[in-house]
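**Q** Need a 3D model of the sequence below.
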Amino acid sequence: MSKLTIVDVLELHATCRNIQKLNLVRQYLDGELAFDCTEKFRSPEVWDSISKLGLTRVWIKSYSSAASLSGISTLTNLKTVRLENRGSVSDSVNLSILSKLTSLENLDLIGIRACKGSLRDLHQLKQLELSDCPFDVDPIIRSLGGLVNLRQLCLDESGAEDEGDYLDLESLSRLNQLTKLEITANDPRVSVEPLTGLRNLEHLELHSMHILDYDMLGHLINLKTLVLSNAEYVKHGEYSVDFRLCKNLESLNISEDDDFEDYLLPEGFVNKV
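**A** The predicted structure is shown next:
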């Protein structure tokens, strides 16, 4: 593992002016990751060119304080941010520093087990991944409903802590621009009814959950791809799901044998799995 100081980071940029992508991997930052630092070290345009920032397994002193990542908020041209910890940081990460990134369109938070603040002010986000982050981190999940420009959302391996908990997807019902949704949980009970109003949803993956209203999947009329794995459900009536309204359906991956005997399918459907 390398150890970087703020001066090291500044000198890096001084030799690589106009750099657009910066990815720090397995580094220890001694002190705050303050890209603005002080006027003594910074000219106004120093970091203005960076549009993509990745921090992968980066140890930061005082990471849990709001100031520890405060410098990121000065990178006003950032469009993509990826924060990946996976055990490298045990303290809580303050998300409020991201609210000033008015150009941010893509955000990945990987392996962050505790968070402060919310994502509700990132209205311009188009893609969001929360991977290995608990769903019950409050109030992050509730704030997702305000991200009205989201096109892609991945909640991966971030399910309820205890088997049998209820996972509420109601906050996702307002994401009318969503075209792709992937959720991997830890066997919670879940209703998919809040998703039926997402008229632009084309790709849906649900993994490791107990679906309470399985038949509602047939109301996602613009679906092109549906993937279910390790998903339990209760069958109501002769057929599990009536997909005949899903005229654009191209790919179904919903059972081990995929014989579709329990499903009513659109006329002429040919599976493209």
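**Q** Okay, the closest residue in space to residue 167 that isn't next to it in sequence and residue 130: tell me how far apart.
**A** Nearest residue to residue 167 in three dimensions, chain neighbours excluded: residue 188, at 4.0 Å (Cβ to Cβ, 6 or more residues apart in numbering). Backbone N, C-alpha and C define where each C-beta goes, glycine included. Per Cβ to Cβ, to the nearest Å, residue 188 is found 15 Å from residue 130.
**Q** The two - which one has more neighbours?
**A** Using other Cβ atoms under 10 Å as the criterion, residue 188 and residue 130 rank with residue 130 on top: 24 against 20.
**Q** For the more buried one, grab phi and psi.
**A** Main-chain dihedrals, residue 130, degrees, to the nearest 10: phi -120, psi 100.
**Q** hang on, it packs against residue 119?
**A** No - with contact defined as Cβ atoms under 8 Å, residue 130 does not reach residue 119; the gap is 9.1 Å.
**Q** For the residue nearest to residue 96 when sequence neighbours are not counted, give me its contacts.
**A** Spatial nearest neighbour of residue 96, excluding adjacent residues (Cβ to Cβ, 6+ apart): residue 117 at 3.8 Å. Neighbouring residues of residue 117 by Cβ atoms under 8 Å, 6 or more residues apart in numbering: 94, 95, 96, 99.
**Q** and what of residue 128?
**A** If a contact means Cβ under 8 Å, 6+ apart, then residue 128 has 106, 107, 108, 119, 144, 147, 150, 152, 153, 154 as its contacts.
**Q** okay if I get the residues you listed as CSV plus distance to residue 269?
**A** Below are the contacts of residue 128 laid out as CSV (distance: Cβ to Cβ, whole Å):
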residue, distance to residue 269
106, 34
107, 36
108, 35
119, 38
144, 32
147, 33
150, 29
152, 25
153, 27
154, 27
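**Q** all helices of the stretch 101-250 of the chain, in order?
**A** Along the stretch 101-250 of the chain, the stretches classed as helices by DSSP state H, counting those that start in this stretch are 140-143.
**Q** Any stretches of it with poor pLDDT?
**A** 113-114, 134-140, 157-164, 233-239 (pLDDT under 70).
**Q** can you give me the strands in it?
**A** With strands called from DSSP state E, counting those that start in this stretch, the stretch 101-250 of the chain shows them at 106-110, 115-116, 127-131, 152-156, 166-167, 180-184, 189-190, 203-207, 210-211, 225-229, 232-233, 241-242.
**Q** Would you reformat those strands as a markdown table and include distance to residue 79?
**A** A markdown table is the format used below for the strands of the stretch 101-250 of the chain (distance: least, Cβ to Cβ, whole Å):
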| stretch | distance to residue 79 |
| --- | --- |
| strand 106-110 | 6 |
| strand 115-116 | 22 |
| strand 127-131 | 10 |
| strand 152-156 | 14 |
| strand 166-167 | 30 |
| strand 180-184 | 19 |
| strand 189-190 | 32 |
| strand 203-207 | 23 |
| strand 210-211 | 35 |
| strand 225-229 | 27 |
| strand 232-233 | 39 |
| strand 241-242 | 39 |
